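A.B. asks: just the structure for this:
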Amino acid sequence: MPGVVSSSVGYTGGDNPNPTYESVCRGDGHTEALKIEYDPSVLSFQDLMTTFFKEADGGRCKAQYMSAVFAQNKEQAAIAKKVAKDSNSNVPVLGGASAKPWHDAEEYHQKYMAKALSR
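C.D. replies: Next up is the predicted model:
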């Protein structure tokens, strides 16, 4: 997507200070997440959220796999909530002023699909 600079996978939303894939699978409160870094001079947060909410699945699944937006500040939370509402999405918007820390996933999880396809 033009404007996306990089992405990485990790864990957020829980209180475990050192989450691992195994602890997340056991239900430590974290969710597996994708962190997207983007260039706001090319891609607005609103456009990023519009694309996300077109693709996101708000269906029932294990908490560790839920679709959600973990906003990093109040402004992002407000934009994401508006786009979610306009999209009739039931995907939750979390974070904002109470955003939980991000934890990078283990190296073997980074670019997992690209690694799997190159085998």
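A.B. asks: got the phi/psi numbers for the nearest residue to V83 once chain neighbours are set aside?
C.D. replies: Counting by C-beta to C-beta, 6 or more residues apart in numbering, V83 lies nearest to M49, which is 4.2 Å off, once chain neighbours are set aside. C-beta coordinates here come from the backbone N, C-alpha and C atoms, glycine included. M49 adopts backbone torsions of phi -70, psi -40, taken as degrees, to the nearest 10.
A.B. asks: neighbours of M49, how many?
C.D. replies: 24 (other C-beta atoms under 10 Å).
A.B. asks: ok, so what distance separates it from S8?
C.D. replies: With the distance defined as C-beta to C-beta, to the nearest Å, M49 ends up 19 Å from S8.
A.B. asks: could you do C25 as well?
C.D. replies: 19 Å.
A.B. asks: looking at these two, which has the bigger crowd around it?
C.D. replies: S8 (15 against 12).
A.B. asks: in a helix, the more buried one, correct?
C.D. replies: No - counting by DSSP: H, G, I helix; E, B strand; the rest coil, S8 is not part of a helix but strand.
A.B. asks: am I right that it is in contact with K35?
C.D. replies: Yes - using C-beta atoms under 8 Å, S8 makes contact with K35 at a distance of 5.1 Å.
A.B. asks: shaky segments in this protein?
C.D. replies: For the chain, residues meeting the criterion pLDDT under 70 lie at 57-61, 97.
A.B. asks: got the residue ranges for the strands in it?
C.D. replies: 4-12, 31-38, 69-71, 93-95, 103-104 (DSSP state E).
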